[in-house]
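> Next come a sequence and a model predicted from it.
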Amino acid sequence: MTVVRRALSRLGPVLVVAVLALTACAVLTPVRAQAAGSSGLEGVAEGLRKSPVYVDPRARDQLSEAGAEDLVKKIEGADKPVFVAVLPESAEFPPETLMRDLRTRVGIAGLYAVRLGDGFRANADSSVMSRNAVANLTGAVKRSHSGDPEGLLTSFVDQATEQAKGQAPTAWSDSGNDDGGGGGGVLLTLGAVAVAGGGAYALYRRSEKKRRRAELEALRVVVDEDITAFGQELERLDFHPSEPGADDAMRQDYSHALDMYDKAKELMAVAAEPRDVQPVTAALEEGRYGLATLAARRAGTPVPERRAPCFFDPRHGPSAVDALWAPPGGTPRDVPVCEADAGLLAAGREPMTRQVQTAQGPQPYWNAGPAYAPWAGGYFGGVGGVVGGLLAGTMLGSMLSAPSAFADTTPTENAFDGGEFTGADFDPGDFGGGFGGGGFEGGGDFGGGDW
């Protein structure tokens, strides 16, 4: 950052011109929120191939022109394949098949969101966003912006452009050059000055954003597994509030665990930075303790004390004891472990360690890089606190003591190129039937929906 600031300080006059150039571009370049051209679904598809936002004239009460233009700027600025259509309820747009038919006609892999009348649905190709991520994001914005279609769409785009993979289709940027005009040469000249003056800083910001996005996507895989595992634990417990022997304390434990499950999903849906993962895993840790107390009450045994989760894999639940452990080449220390891992350690065997994917292959989470600091911090009590002591002598532990816990991670490149759709790119399972549930991407959180 010091180097960047020094470079910028030397470019003061140039940057003034650069800012003026960028301002001129913003004023003179038209925003392309498409309105109806051809009729019916083909017209919607034609519009979305030219611009990320399509608003049917009959549905302008759902999204203002200024609001549509703002969404276009956000999507194109993020360079993500996010498509938004605002449509009226009409026989032209049958809800049962709308999402699949729209995706087929547009022919570009992406994340598709449709406001149909008063309802809202989203769906995505699996290469752009996972089924769980679409479900969590859609459910969160619908709950947060009920009755506010413009707020809903704005919130959706804000979060979708952070989470979606891939790149925007080139046709969007190409269509922005159709207008021509006498000011083109001036804008190109000023644009060149802007590149010269602000190029270093822009590259730095872009690199930082790309790195954080790569870290978040790697974390999202792990956290989605954690959330899924917690949901499975809820199912295995098979508790019914009205079952014989259930009392208010049991019902309260169960209700709290459900609340933490929902909270974790909602927080992960809106996570925009790696640090946003910490409250997600904190909610899961609290929910698992609620399940442990419920299980004890049902069995008639003492309620367990509140302990940190198992160090080797927080999915094992609250720890039972502290056991001596040392990382390879490190100093032994006491770590909280579940009964199963305590038994393995006592027998001289390796505990059941949480492995995550890295560029070097599967690794224990403490050797996976700084992006896992907030993940561990949520489970074990905060970055630099308890977790720092537990992880002393590991790669993650050394990074937690550095000035920036996110400074040294090499971003993983996105293998998806965002190109045009081909038959090999499209998995029919990605886009299910439509707006009424069955097979629709995202599943349970909004199956049945608003329609």
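On my side now, so go ahead. Residues are numbered from 1 along each chain as shown.
> CA only for contacts and neighbour counts going forward, please
Will do.
> Pass me the low-pLDDT residue ranges in this structure, would you?
Across the chain, the ranges flagged by pLDDT under 70 are 1-39, 173-205, 382-451.
> Might one say that Ala342 is in contact with Ser319?
No. Counting by Cα atoms under 8 Å, Ala342 stays clear of Ser319, with 9.4 Å between them.
> quick one, strands of the stretch 201-350 of the chain?
Assigned by DSSP state E, counting those that start in this stretch, the strands in the stretch 201-350 of the chain fall at 321-325, 333-337.
> do you know which of those lies nearest Ala122?
The closest of the strands of the stretch 201-350 of the chain to Ala122 is strand 333-337. By Cα to Cα, the value is 41.1 Å.
> now the angle between strand 321-325 and that closest one, please.
140 degrees (axes from the mean of the first three to the mean of the last three Cα atoms, to 10 degrees).
> Give me the buried positions along strand 333-337.
Val335, Pro336, Val337 (16 or more other Cα atoms under 10 Å).
> Would you mind writing the CA trace of it as PDB?
Taking C-alpha atoms only, strand 333-337 is exported to PDB below (Å, rounded to 0.1, in the frame of the first residue of the first chain):
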ATOM      1  CA  ARG A 333      -0.100 -28.100  23.500                       C
ATOM      2  CA  ASP A 334      -3.600 -29.000  24.900                       C
ATOM      3  CA  VAL A 335      -6.400 -28.900  22.400                       C
ATOM      4  CA  PRO A 336     -10.100 -29.500  22.900                       C
ATOM      5  CA  VAL A 337     -11.100 -32.800  21.300                       C
END
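> If you count contacts, what does that strand end up packed against?
When contacts are defined as 3 or more Cα pairs under 8 Å, 6 or more residues apart in numbering; DSSP states H and E, strand 333-337 packs onto strand 321-325, helix 386-390.
> give me that answer again for 10 Å
If you count contacts as 3 or more Cα pairs under 10 Å, 6 or more residues apart in numbering; DSSP states H and E, strand 333-337 packs onto strand 321-325, helix 339-346, helix 386-390.
> Mean neighbour count, those: which tops it?
Comparing the helices and strands packed on strand 333-337 by mean neighbour count (mean count of other Cα atoms under 10 Å), helix 386-390 ranks first with a mean of 19.
> Run a quick neighbour tally on Ala78.
For Ala78, the neighbour count with other Cα atoms under 10 Å is 17.
> still on that earlier bit, between the buried residues of strand 333-337, which sits nearest Leu41?
Proximity of the buried residues of strand 333-337 to Leu41 (Cα to Cα) peaks at Val337, which lies at 57.0 Å.
> surely the closest one meets His316?
Yes. Under the contact definition of Cα atoms under 10 Å, Val337 touches His316, with a separation of 8.7 Å.
> joint contacts of these two?
Shared contacts of Val337 and His316 (Cα atoms under 10 Å, 6 or more residues apart in numbering): Pro309, Cys310.
> follow-up on the earlier one: format the strands of the stretch 201-350 of the chain as TSV; extra columns: distance to Leu152.
As requested, those are exported to TSV (distance: least, Cα to Cα, whole Å):
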stretch	distance to Leu152
strand 321-325	47
strand 333-337	43
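> for these, which one sits closest to Asp226?
Closest to Asp226 of the strands of the stretch 201-350 of the chain is strand 333-337 (Cα to Cα; 17.5 Å).
> ok, the closest one: who's next to it in the sheet?
Note on strand 333-337: by DSSP bridges, its sheet partners are strand 321-325 (antiparallel).
> Output the strand it pairs with as PDB, restricted to C-alpha atoms.
Only the C-alpha atoms of strand 321-325 are listed here, as PDB (Å, rounded to 0.1, in the frame of the first residue of the first chain):
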ATOM      1  CA  VAL A 321     -11.700 -33.300  27.000                       C
ATOM      2  CA  ASP A 322      -8.400 -31.500  26.400                       C
ATOM      3  CA  ALA A 323      -5.700 -33.700  24.900                       C
ATOM      4  CA  LEU A 324      -2.000 -33.100  24.200                       C
ATOM      5  CA  TRP A 325      -1.200 -32.700  20.500                       C
END
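> mind listing the helices in the stretch 201-350 of the chain by residue range?
Secondary structure of the stretch 201-350 of the chain by DSSP state H, counting those that start in this stretch: the helices cover 248-269, 278-299, 339-346.
> just these: most buried one?
Highest mean neighbour count among the helices of the stretch 201-350 of the chain (mean count of other Cα under 10 Å): helix 278-299, with a mean of 22.
> which strands and helices sit next to that helix?
Looks like helix 278-299 contacts helix 184-237, helix 248-269, helix 372-380 (3+ Cα pairs under 10 Å, 6+ apart).
> mind running it again at 7 Å?
Here helix 278-299 touches helix 248-269, helix 372-380, going by 3 or more Cα pairs under 7 Å, 6 or more residues apart in numbering; DSSP states H and E.
> so which of those helices comes closest to Asn136?
Asn136 lies closest, by Cα to Cα, to one member of these: helix 248-269, at 5.2 Å.
> quick one, that closest one and helix 278-299 angle?
Relative orientation of helix 248-269 versus helix 278-299 (the same axes, to 10 degrees): 160 degrees.
> neighbouring contacts of helix 248-269?
With contact meaning Cα atoms under 7 Å, 6 or more residues apart in numbering, helix 248-269 is reached by 133, 136-137, 140, 241, 277, 280, 283-284, 287-288, 290-291, 293-294, 297.
> Output the residue ranges of the helices in the stretch 1-150 of the chain, listed in chain order.
Ranges of helices in the stretch 1-150 of the chain, per DSSP H, counting those that start in this stretch, are 2-10, 12-28, 40-50, 65-78, 98-106, 131-144, 149-163.
> Just put the helices of the stretch 201-350 of the chain in CSV and tack on distance to Ala160.
Compiled in CSV, the helices of the stretch 201-350 of the chain are given as follows (distance: least, Cα to Cα, whole Å):
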stretch, distance to Ala160
helix 248-269, 9
helix 278-299, 18
helix 339-346, 39
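> Relative to Gly47, which of the strands of the stretch 201-350 of the chain is closest?
Here strand 333-337 is closest among the strands of the stretch 201-350 of the chain (Cα to Cα), at 56.5 Å.
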